[in-house]
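Asks: next comes the sequence, and after it the predicted model I'd like to discuss.
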Protein chains: 2
Amino acid sequence: MSRTQVPPATAKAVRVAAGDLVRVIDVEGGQVGDVFAFTEAGTGAELTEHHSAAHTRAAIDRLFPAVGEAFATDRRRPILTLVEDTSPGEHDMLIPACDPARYAALGAPGHRSCAVNLREALDELGLSFAGPTPQPINVFMRVPVAEDGRLSRLTASSRPGDAVTLRAEVDCVVVVSACPQDLVRISDADLSPLAIETVHNGGNPA
Amino acid sequence: MSRTQVPPATAKAVRVAAGDLVRVIDVEGGQVGDVFAFTEAGTGAELTEHHSAAHTRAAIDRLFPAVGEAFATDRRRPILTLVEDTSPGEHDMLIPACDPARYAALGAPGHRSCAVNLREALDELGLSFAGPTPQPINVFMRVPVAEDGRLSRLTASSRPGDAVTLRAEVDCVVVVSACPQDLVRISDADLSPLAIETVHNGGNPA
């Protein structure tokens, strides 16, 4: 097992092989994480196939996977399966990553963002992605949908140590950003760290 | 006023200026349309800024804009405002465009798709978009969301002549694909045409 700390308001990227487990842990509780995933073709540093929220919804006919269901890529291939969730189970896959334009509109130009964190974390591994920021898997983020389609944004209900465990279905890069959003109260008042644990499963995808 | 026919299972692209109206008409009824929009920077044939479903949801805190609300780009700028809707008002912004991978999985490789239609329609205007297929605005597509987050796919309820009218907030390219999906019954059994009407508003955005 390998553990990677994700300091508050930053992101880290990890490489995992098909069959490996990736656990995203809310160390202190109440902290939203933006998770991105890209397949690694093994042919270079330029990533192209990415987790796609829309293709995942189409594959499972649900707003967010249940335990046992898989997230899909923009090429409609399974990339990560949700295998365990010890949190209250409230996650979002409707809202984009925060980005410089979001903070400029909130009157805080130059604020850290998940979109920039993503690029920095990939760069640390010598990787890049040329496309627009993919829509993330927002773990521990509470965006309930009302019957009339209205969305609310509530503070994360995750407790210290709550975790989501994903199994890689293909060799991939997983990026976890401890969301820097402190102007809209989606996380607890004090931004806190996340942690990534990876468990090598010996190449056994089941 | 200018009217462009969109034959069944194909797409057309139109250029509009800020303030112009774009009407997407379900000519015979019961036909889903995939609508894409890109801003035109005026600097070349390579489009980059596109309508983003996720950024639109974040801007309006709703699954789909109400009349008077705007669709937003991946740079969080308004691109199209929904100004009128004579249909029953059931539209989707959760499901991706059908694409070759979708039809291959349905046992119909080589089937026409909205993703390929998009590229062909842009190409007809000498334009291109380098990124992955943006998530479309699926007009007349019925994907109700249950309280537990489950999605259903029902047949379009739009009647002959029903239309959605959009106002361009910036100079942009709007692509309308009459969805070729005939293996899952989201449109009536016989695929039918759509039409695009554009009304030049003399550069008056309000």
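Replies: Here it is on my side, so go on.
Asks: what about the helix or strand where A:V175 lies, average pLDDT?
Replies: Using DSSP states H and E, A:V175 maps to strand A:172-178. Mean pLDDT, strand A:172-178: 98.
Asks: right, and the helix or strand after that strand?
Replies: In N-to-C order, the element after strand A:172-178 by DSSP H and E is strand A:194-199.
Asks: leaving out chain neighbours, which residue sits closest to A:V173?
Replies: A:F38 (4.8 Å; C-beta to C-beta, 6 or more residues apart in numbering or on different chains). (Each C-beta comes from the backbone N, C-alpha and C, glycine too.)
Asks: dump the helix or strand the one you found falls within to CSV, restricted to CA.
Replies: Element membership for A:F38 (DSSP H and E) is strand A:33-39. Taking Å, rounded to 0.1, in the frame of the first residue of the first chain, the C-alpha atoms of strand A:33-39 are listed here in CSV:
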residue,chain,number,x,y,z
GLY,A,33,-12.4,16.4,-3.5
ASP,A,34,-12.4,16.8,-7.3
VAL,A,35,-11.3,13.5,-8.9
PHE,A,36,-10.1,13.2,-12.5
ALA,A,37,-9.0,10.0,-14.3
PHE,A,38,-7.3,9.4,-17.7
THR,A,39,-6.3,6.2,-19.3
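Asks: residues in contact with that strand?
Replies: A:6, A:11, A:24, A:26, A:47-51, A:71, A:73, A:77, A:79-80, A:97-98, A:114, A:117-118, A:127, A:129, A:134, A:136-140, A:170-179, A:194 (C-beta atoms under 8 Å, 6 or more residues apart in numbering or on different chains).
Asks: stretch A:101-119 too?
Replies: A:9-11, A:34, A:36, A:97-100, A:128-129, A:133, A:136, A:175, A:177, A:179-180, A:183-184, B:58, B:75-76.
Asks: filter the residues you listed to the buried ones?
Replies: Burial by neighbour count, 16 or more other C-beta atoms under 10 Å in any protein chain shown: within these this picks out A:9-11, A:34, A:36, A:97-100, A:129, A:133, A:136, A:175, A:177, A:179-180, B:58, B:75-76.
Asks: between the strand holding A:F38 and strand A:172-178, how big is the angle?
Replies: Using axes from the mean of the first three to the mean of the last three C-alpha atoms, to 10 degrees, the direction of strand A:33-39 lies 170 degrees away from that of strand A:172-178.
Asks: please report how far A:S177 lies from chain B.
Replies: Relative to chain B, A:S177 is positioned 16 Å away (C-beta to the nearest C-beta, to the nearest Å).
Asks: nearest residue to that residue in space, ignoring adjacent ones along the chain?
Replies: A:A11 (3.6 Å).
Asks: could you check how far that neighbour is from A:L118?
Replies: Counting by C-beta to C-beta, to the nearest Å, the separation of A:A11 from A:L118 is 6 Å.
Asks: shared neighbours of those two, anything?
Replies: A:34, A:175, A:177.
Asks: just name the shakiest helix or strand of chain A by mean pLDDT.
Replies: strand A:46-47 (a mean of 94; mean pLDDT, DSSP states H and E).
Asks: so what's the residue of chain A most remote from its centre scoring on pLDDT?
Replies: In chain A, counting by C-alpha atoms, centre = their mean, A:D148 sits farthest out from the average C-alpha position, at 27.0 Å. A:D148 carries a pLDDT value of 94.
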